[in-house]
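S.K.: Sequence and predicted model, in that order:
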Amino acid sequence: MERGVSRELPEQGGKGRVTEEHWLFAYGSLMWSPGFSPVEAVPARLAGYHRAFCILSWHHRGTREAPGLVLGLDRGGACRGLAYRLAPETLAETLAYLRARELVTDVYREARVPIELESPGGGAGRRVLALAYVVDRHHPQYAGRLPLPQQARLIADGVGASGANLDYMRLTLDHLEAAGDLSAELRALRVAVEALIEGGPPPQPQRE
């Protein structure tokens, strides 16, 4: 068994431990670029984790010498994202794709987490178990909560195998904004990054 791979997830299609359905919780680039065809996509909420730019990207959006900064699911709070129901007939292929994409290094680990699917009217719906890629806080790529100017600089400068870190940030935050999920903290980060791109100093955080 590879590091970061959940022992509870099937290697091939079939019945899961709780339900025949298999779900994936997406909170970053998987929301706007899943790379596979889900059966359905449903807004969902995960309690106990929050999204944060807390991972130094050594591959997709940066290098070891010049890392970028990407999102991870870190402990605490809650996170609203998208739940994808995976097609059982292509489950093995989808899991292999996700692992090749998300587990390039061991900074992410697979976890089975309880999520709450939203009902069509926007209220709470049923609860299911979903695969999620959460950050390993003990990995050297875990950056924690960096100062805003440092986050902005890493994102403005990072370029990796999947392209510019700037594009990753813009696409992800645009998606979150359209869904009504863009936090004040992420808005401030976007302003700081765009200021660097335009050639000015990043804005200083306001003191209370």
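M.R.: All right, it came through fine.

S.K.: contacts and neighbour counts: CA atoms only from here.
M.R.: Noted.

S.K.: Tell me which residue lies nearest the centroid of the chain.
M.R.: residue 28 (3.4 Å; C-alpha atoms, centre = their mean).

S.K.: Surely it and residue 71 touch.
M.R.: Yes. Applying C-alpha atoms under 8 Å, one finds residue 28 in contact with residue 71, separated by 6.3 Å.

S.K.: related to what we said a few turns ago, distance of the residue nearest to the centre of the chain from residue 192?
M.R.: Applying C-alpha to C-alpha, to the nearest Å, the value for residue 28 to residue 192 is 19 Å.

S.K.: Could you do residue 147 as well?
M.R.: For residue 147 relative to residue 192 (C-alpha to C-alpha), the value is 11 Å.

S.K.: between those two, who's got more neighbours?
M.R.: The residue with more neighbours, out of residue 147 and residue 192, is residue 192; 25 against 9, by other C-alpha atoms under 10 Å.

S.K.: What residues sit buried inside the strand or helix carrying the more buried one?
M.R.: Residue 192 belongs to helix 184-197 when assigned by DSSP states H and E. For helix 184-197, burial by neighbour count (16 or more other C-alpha atoms under 10 Å) applies to 186, 188, 189, 190, 192, 193, 194, 195, 196, 197.

S.K.: average pLDDT for stretch 120-127?
M.R.: For stretch 120-127, the mean per-residue pLDDT is 75.

S.K.: Straight-line length of that stretch, end to end?
M.R.: OK, stretch 120-127 end separation, C-alpha to C-alpha: 14 Å.

S.K.: ditto for stretch 180-189
M.R.: Using C-alpha to C-alpha, the distance between the terminal residues of stretch 180-189 is 17 Å.

S.K.: And for stretch 26-33?
M.R.: First-to-last residue span, stretch 26-33, C-alpha to C-alpha: 10 Å.

S.K.: Show residues contacting that stretch.
M.R.: Outside stretch 26-33, the residues that touch it by C-alpha atoms under 8 Å, 6 or more residues apart in numbering are 51, 71-73, 79-84, 132, 168, 171-172, 175.

S.K.: for stretch 34-48, same thing?
M.R.: Taking C-alpha under 8 Å, 6+ apart as the rule, stretch 34-48 contacts 25, 75-87, 94, 113-118.

S.K.: Can I get the buried ones among the residues you listed as something I can paste into ChimeraX?
M.R.: ChimeraX command restricting those to the buried ones, with burial defined by 16+ other C-alpha under 10 Å:
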select :25,75,79,80,81,82,83,84,85,86,87,94,113,114,115,116,117,118
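
S.K.: show me where the protein has strands.
M.R.: 23-26, 40-57, 68-85, 108-118, 124-135, 159-160, 163-164 (DSSP state E).
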